[in-house]
Every structure is written in C-alpha cells, then in structure tokens.
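J.: the following comprises the amino acid sequence and a computationally predicted model.
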Amino acid sequence: MFAAEFLEPAEDVGGPAQPLLEARRLTKHFIRGSRLFAGKRAVVRAVDDVSFSIVKGEVLSVVGESGCGKSTLARLLIGLIEPNRGEIIFDGELVREALTLRVLRRRVQMVFQDSYASLNPRITIEETIAFGPKVNGAGNATACKIARDLLAKVGLEPNDFAGRYPHELSGGQRQRVNIARALALAPRLVILDEAVSALDKSVEAQVLNLLADLREQLGLTYLFISHDLDVVSFFSDRVMVMYLGEIVEIGTAYALFQETRHPYTQALLAAMPSSDPERRTAKPPITGDPPSPIAPPSGCRFHPRCAYAEAVCSVKAPQLGPIAAGHAVACHMAQAGSGHSRAGQPLQRQSLNA
Amino acid sequence: MSAVSTEFGIAAPAIRAGYWSGVRRRLARDRVSIVCAAILLAIVLAAIFAPYLGLADPYLGSMIRRLKPIGTPGYPLGTDELGRDMLSRLIYGGRLSLLIGLTPVALAFVIGGMLGILAGYVGGLVNQCIMRTADIFYAFPSVLLAIAISGALGAGIVNSLLSLTIVFIPPILRIAESVTTSVRTLDFVDAARSSGASAFTIIRVHILGNVLGPIFVYATSLISVCMILGAGLSFLGLGTKPPEPEWGLMLNTLRTAIYINPGVAALPGAMIFIVSIAFNLLSDGLRSALDVRG
C-alpha cells in the first residue's frame, strides 16, 4: 500500500500476547506558579500513578470529565511531555531505553481535537501529510505519493484536495486530513484525543466509520479519548474511566456499562442523554465541579461527591483491584473487608428516573 | 476504498496557484498599495540614478541666489540657505536618508527576528535571558538610547546606523517572541514534533511561514520611525555631516530660514513625511495581502 519500503508498519516484536503499550505507574505533575518565589508554588497532579495496558488490535477508550488528565495522558504516551515517574513499554521495549523517542513517534501517532489548530494554515494539506514521511527520510516524490494515497484512503479525492489550504475545508474534511497525517508514518497505535467531539453528529458518524474501516484495513490499535459515552459504547472494546488523574474503573465495554461497580462510572452513565421516555433523567446524577487537582480530597478522591461515601472513604484511598476477569475497580464497595458497609455488594442501579 | 460516504465540498479551482502568487494577486488589487509602491519606487530610482538625471551639482552654492522660492526659473524647488539647488539636494538626499531608514530596520529584522523566534520556540530559561536583556533596552526612550549610543560611538553615518539598529532590535524581538510563542502552542506544532522532526525543521516549515508576515509588517512600519530618528541624529550633529545632502540634516540647517522662505524650509520634512506614510500604507496593504483568508 505504501510507496516506500521503510514506511511499512513496524514488525510485531513481542507476539500477540504482549500488550502493544503498557504504562507503569505513570505520573505527571505540573508545577504552577512562580519558579522564583517558592511560596506560591502549586503542584497539579494531572496524571497520578496510572498503570494500564493496551492490547494489540483493540480500541481502548478513556472517559472522564474535563481536566481529569485524559489529554495529559495522551501527550505522555506520545512522548510530547516527559513523565515525572513511571515507564512506558511499547511492544515489550522500554521507551527512552530500548526504544528511542524518535522510533516511538513513528509507531504512535495522534489525532488532535481541534481540527483547525492542528493543521498549519500556511501550507497545503498535501504538504501537511507529506511532512512526516519527509522528515523521516522519504524523497519528495515518495512523500507526495504517500500523501495522495492517504487522501484517497480517508475519502478525499486527491486531485481535488491536495492543493487546498485548511481554511478551504469543512470541519469533517479537516479531521480526515488529520487522520491521514497521523497515518502517514504507518503507526501501530493511533491516539484519538477527542478526535470526533467537535464534529456535527452526522459527520461524526462518518468519521467514526472511516476510523473503524481503517483499523480493519491497517490492523491499527486505537486509544480513543472521549467524553461521549454513546460513541464510546459503540466504538470500544475496553473502557477506562479516569477521575482527577487516576483510573477508577477499567474493563470491557460490556462489563463497564452493564456491571458498573464504581459510583463515578455509574454517575457518568446516568448522565447519558436518553431518547427513551422510561429512562428520563430528572435530577443530576452528580453535582458540582470536580475538586481541584492541586489539592485533591483525602482518601478516595471521589468521596465528596459520592452518594455512598462513608468514614473509610475519606481516610483510606482505594486501590485499583480486579473484581472479575478483565474488570478492575478502585472503590471500597467493590473490595470485601475494606471497612465499607456495602463492601462486596453489587452497586444498585441509581434511581434517577422521574 | 471502503463504503465510507464523504462530504465533498465545493470543487476547488482546477489549477491551484502557490501562496506567494496569491499574495501578489491580492496586492495588485489594492490601489493604495500600488500608488505607495510607485511613489517609493520613483524616489528610490531617482536617488540611485541621480547623477544621470541632469541635475545641478548638489554641493555647488552661490551667495547671490540664496533662499529663492519654489518656482524660480532654473530652480523648480528653489534654493537653500547657501544657494544650492533644492531639487538636486532632495533627490541626492534620498540616497543617505533611505539608507538610514532601511539599513537599521533590515538588520534589526534579521537579528531581532532570529532571537525572538529562538526565544519563543525554546522558551524557558533561554526565553527569560533574551527577553530580560531586551527589557533593559526598553528602560530608555528610543530617541535617548539612539543619541546615547551614537554619542558614545562618535559621530558618523556607520555609527548612527549601528545605534539605530540596536534601538530597533528590542521591539522587533518582542513582536517575534510573542507571535512565535502563540504559534508554538498550536496543535500543528505538536503534531510536527510527534512526527519526529527536528526543532530546526519545525521552525523552517511550520513556524517561519506563520510568524514572518507579522514581524515583517511590523518592521516596515518602523522604517518611517527610523528615518525620523536618523533625521534627529543628523539634526543634533551625530549622524551625517554638512555639506552632505540628507533630509534630516537639511531640515536642521534650513530651520533658520523658516520665516524667510517657509515653503523651501518645509521641503525636506515633506519628503520624510511622504516616504514614511508610503511605507506605512504599503505595510498595511502587505498585512492584508499576506493573509490567506483575505
């Protein structure tokens, strides 16, 4: 498919059992305030001790409210920012040790949310897509051929679109260009950071179908960051829920949506708009803004907003622990003997109906 | 190709022209810019080819025909306080005045632009060092700074060009830094970084195209300021020395004649004014022509 030999997708190193990407205790703290006057410093715990893995060929979704660290996580995984602690292992190779950042960046690519800001307004979309192959050693002609092939692949007629500037395209078309740009280096993992969130519903569906087709054709793995649970349930194999920089629940899409164990996940699900009159939401499932990640609450970070919070929740932080095959939760209620009165009991369906 | 439906927009024109030909087309439609460019071109060409225009000697004076008014036969723009032909002196004066107006700005554009883009792209400590150094120069009013540097270096054209260059580096540096900083945080720079490009390549392909326009437009607006500052230095005796024809110096020496022959005394000032306003309007036109969405 690709014009150049060196742009073939990288060899599978670890075999099918090896996760494509593994994050181990990944932590990123941002220091806000003056560097000179130490008194005003504040540490924002954007991503705090996060461990998970992405299986080859799956779609792993990351959901959570704004500011929960989803985008920071994406930037950590792609090497745009450096973690304070923790390590990333790509297909069995430790990033920054066995695998250089330069190689990692060819294996992991990202589609950004803002389709306009992520395209250089001064250069044509053909040049934008050809840029990656060019800096990785492709000749001019090869890079242009790759760009045109990819434009066709994402459903934009190359002869019509190659010479256009970003402002001459619609939002959906620009996002297709962004997808083509991400694919230009033949990556194995594509991080979709709210890639369809800003699009109209009809265009969003088209782009999602395109992404699903491309995944099948090219054998891609997706990390799909979104706040739209409808899209997530349609699109993903597994789902990871984040709250204030931590993972609170992770599991298969079925387990997470049908056998929800964390009250926060339950609240997110209850907040999903529904067209079913029987499932009308009458009161907000969760109130208030998430607490500041500068001074997260003691114990379980969710306890100030949790309907089931008890004394133990404000004292002891629950650890992310497995409760079933492929389903892990960080909640005292899911762990027997944690000291919570509901420990070990399944979560009741929250009654929010009118 | 899969069965994905697409949302093809309006068909683009069959033949796409490049970015710069688009700029040229938009500039050609702007009448004000065309007129300004024509005036500047005429003044520059006249200054360059002055010896071939059959003008009177700009240095040859005569005590018996001092301060003749505009329209005197043989002296269409009159004569100055030493009886020298004003038309000839104004045209020859353009040589030095344009040199003083353009050179410092061009040098400051290159130096300030490079430092500003570096500061904006690298950020952090490098940015702090460069910008705080520039702030030191900001503490002085630009006129005083030019006079101080010129005075310290001694009178002369080269020294006044040097002092004006130093005066114009900080403002251009600041514009370059702020534009670069704002472009640098956009997602397409992150996308370029994540494709493994080196900082130099990213600056060349993705930063320069987006920052040079605004920096260039700002720099052209400084040309007029520079000419006036240069005139000021000459006025104070720090720049050009008599009998050299230069608009600022001519304005200075003719000021005593303002009650005797105000029309002639105002001519060098008028030249500075015309050139300044032409550069300002042209840079304004350039600003809109450089915008792809214009």
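T.: Received, thanks. Residues are numbered from 1 along each chain as shown, chains lettered A, B, ... in the order given.
J.: would you quantify the distance from A:G15 to A:T260?
T.: Distance, A:G15 to A:T260, using Cβ to Cβ, to the nearest Å: 33 Å. C-beta: built from backbone N, CA, C; applies to glycine.
J.: who has more neighbours out of these two?
T.: Taking A:G15 and A:T260 together and counting by other Cβ atoms under 10 Å in any protein chain shown, A:T260 has the greater number of neighbours (24 against 9).
J.: is it true that A:H303 touches A:S314?
T.: Yes. When contacts are counted by Cβ atoms under 8 Å, A:H303 is listed as touching A:S314 (5.2 Å).
J.: what do the two both touch?
T.: Taking Cβ atoms under 8 Å, 6 or more residues apart in numbering or on different chains as the contact rule, A:H303 and A:S314 both touch A:P297.
J.: more neighbours: those two, which one.
T.: When neighbours are counted by other Cβ under 10 Å, A:H303 and A:S314 differ, and A:H303 comes out ahead with 22 against 15.
J.: which residues touch the more buried one?
T.: Residues near A:H303 by Cβ under 8 Å, 6+ apart: A:P297, A:A309, A:C313, A:S314.
J.: neighbours of the second one, how many?
T.: A:A309 has 18 neighbouring residues, counting by other Cβ under 10 Å.
J.: what's the closest non-adjacent residue to it?
T.: Across the structure, with Cβ to Cβ, 6 or more residues apart in numbering or on different chains as the measure, the residue nearest A:A309 apart from its sequence neighbours is A:H303 (4.3 Å).
J.: got the confidence number for that neighbour?
T.: Per-residue pLDDT puts A:H303 at 89.
J.: ramachandran coordinates for it?
T.: Comment: the main-chain dihedrals of A:H303 come out as phi -60, psi -30, following degrees, to the nearest 10.
J.: relative to B:L212, how far out is the residue lying closest to B:V122 once chain neighbours are set aside?
T.: Setting aside the residues directly before and after it, B:V122 is nearest to B:A199 in space (Cβ to Cβ, 6+ apart), at 7.9 Å. Spatial separation of B:A199 from B:L212 under the definition Cβ to Cβ is 17 Å.
J.: before we move on, what about B:T165?
T.: In this structure, B:T165 and B:L212 are separated by 19 Å, where distance is defined by Cβ to Cβ.
J.: I'd like to know how many residues surround whatever residue of the stretch 251-354 of chain A ends up closest to chain B.
T.: Ranking the residues of the stretch 251-354 of chain A by distance to chain B (Cβ to the nearest Cβ) places A:P293 first, at 20.6 Å. Here the count is done by other Cβ under 10 Å, and A:P293 has 23 residues near it.
J.: cool, and the one 4 residues further on?
T.: Under the neighbour criterion other Cβ under 10 Å, A:P297 is assigned a count of 18.
J.: that one and A:V315 touch, don't they?
T.: No. With contact taken as Cβ under 8 Å, A:P297 and A:V315 are classed as non-touching, separated by 11.0 Å.
J.: let me see the ranges of the helices in the stretch 151-294 of chain B.
T.: Read by DSSP state H, counting those that start in this stretch, the stretch 151-294 of chain B holds these helices, from start to end of the chain: B:157-184, B:187-194, B:199-202, B:208-235, B:247-254, B:262-290.
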